[in-house]
Every structure is written in C-alpha cells, then in structure tokens.
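Enquirer: Sequence and predicted structure below; questions after.
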Amino acid sequence: MKKTLIFLYGIVAYIIFLVAFLYAIGFVGNFWVPKGIDSGIETSTTEALLINIALMSLFAIQHSVMARPAFKKWFTKFLDPAIERSTYVLLSSLALLLMYWQWQPMSSIVWEFENTTALVLTSVFFLGWIIVFLSTFMINHFELFGLSQIYQRFKDQKLTYPKFQVNLFYKIVRHPIMLGFIIAFWATPLMTVGHLLFAVVTTIYILIAVKYLEEKDLKKHIGKEYEDYQKRVPMIVPFTKIIKE
C-alpha cells in the first residue's frame, strides 16, 4: 500500500509539473492561456511591483532551499527518500501556479515589433522552450522530475542516481536548461514593464543561483571531474567565457 501511494504521489506531482510547465509557455508568451503575463486588471505600479516581486521571491526561496543537499538530508530523515524529488517538483509547480494566478500586469510598453521581426522573436521564444525541454532528456528527465525514484521504490529496487555525463547541449554550456529559460523570457515582440520585471528578476536569480549555489554543490559532489568541465565549457553563454567565474 505504501509503495502504491508513493507511486501515485509521484505521478500526480509530475502531472502538476507538466501543467505548470506548459502554462508557463502561454503565460510568458501571452498565448492560449486564460491569464498571461500582461492580462488582468491593472493596479497601481507600487502594488503590482511589490506583489510580483513577492511571488518571484517565494518561488526562488522554495526552489533554492529545497535543492540544497542539507535540506535533502534533513527531508529524508523523516520521509521516504523516493518522494524527495517529487515533493520538490510538486512545491515548485504549486509556487509557479500561484504566481500565474496572482501576477499583477504592468502593461506599459517597453518595446514592440511587428511583421518579420515579431515572427523572428516569437520563433526564438519557442526555441528557448525547446532547449529547456530537450536538455532535461540529455541528463535524465525521469530522475530529474522524480519518476525514476518512485518507480524504483515501487519495484523494491535500490534508489540509483545518474552518473555525471556531458551530452549534446551540455558540451556547449554547463546549464542549457537555464540558457533556454533566459532566451524564452527575453525573446518577445511585445515587452511590457511587467514582462521586463519578470525577465530581469528571473535572469538575476538564475545567474546567482547557478553560480553561487548549484555550481558549488556540483563541485563538492562530483569533484575534480566537474572542475575540469568548468574549465572547458562556459556556464551560460555559448562558445565564450563572457561571464567571469
């Protein structure tokens, strides 16, 4: 019974993640979804700014704290290790859904392009999301989102974790998922103040979290092999070391 509940829990967490991920495309791009980044009733600039920063901060804190090895170690003292990743995925997804729901539009236009330029920017926008999605499979998509762990627990197998490997996009940059997000957040033919706030804050968060948290954890966990990888491959910007590390 416990194994079945763990398995169902992980499946539900993954489904909610898929909803949150797909909604993110529509939310940022103002496509298809009931509420995009620029839709809704506009409030005062100060109120919108405070609410939106609070929403992004909530996601950033949850996302960063729960990803740290110390938190994972604490979590697994009380709950089955097989659901640690699924819980992380679930809470991250719920934080995103809350942001979509409560986001306050700030509709003043920063830039707007039409015709060919708009088509190019929209194509780059979708390219960013494709990079994100494909990059998850170039490591281990199913382990990354907790499915491998719940399956192994269901089959009474020992939990295993993927070995460090450098595949495809990971030979170009160390964090192609984050590169894809940055591309998707900035590539838009219509940039409003609200969208710009979202793009700036999320980009700063990505760069800080990757450089000062994730990279530190990876070096500690993998060791010299990762240090050598850092010397060969840039962190975010392809084919260059523009961001000093």
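Expert: Here it is on my side, so go on.

Enquirer: you'd agree residue 165 is in a helix?
Expert: No - assignment of residue 165 by DSSP: H, G, I helix; E, B strand; the rest coil gives coil, placing it outside any helix.

Enquirer: Near it, how many other residues are there?
Expert: 9 (other CB atoms under 10 Å). Yep, even glycine has a C-beta here, placed from its N, CA and C like the rest.

Enquirer: quick one, strands of this protein?
Expert: Under the criterion DSSP state E, strands of the chain are mapped to 109-112, 190-192.

Enquirer: Which one, of those, ends up nearest to residue 54?
Expert: strand 190-192 (19.1 Å; CB to CB).

Enquirer: Give me the sheet partners of that closest one and which way each runs.
Expert: strand 109-112 (antiparallel) (DSSP bridges).

Enquirer: The closest residue to residue 59 other than its chain neighbours: neighbour count?
Expert: Nearest residue to residue 59 in three dimensions, chain neighbours excluded: residue 95, at 4.3 Å (CB to CB, 6 or more residues apart in numbering). Other residues near residue 95 come to 18 when the count uses other CB under 10 Å.

Enquirer: was I right about residue 95 contacting residue 63?
Expert: Yes - between residue 95 and residue 63 there is a contact at 7.4 Å, judged by CB atoms under 8 Å.

Enquirer: Quote the end-to-end distance of stretch 23-42.
Expert: 21 Å (CA to CA, to the nearest Å).

Enquirer: So which residues make contact with it?
Expert: Contacts of stretch 23-42 with the rest of the structure, by CB atoms under 8 Å, 6 or more residues apart in numbering, involve 48, 96-97, 100-101, 103-107, 122, 125-126, 129, 184-185, 188, 190, 192, 194-195, 198.

Enquirer: could you flag which of those are buried?
Expert: 48, 96-97, 100, 103-106, 122, 125, 129, 184-185, 188, 190, 192, 194-195, 198 (16 or more other CB atoms under 10 Å).
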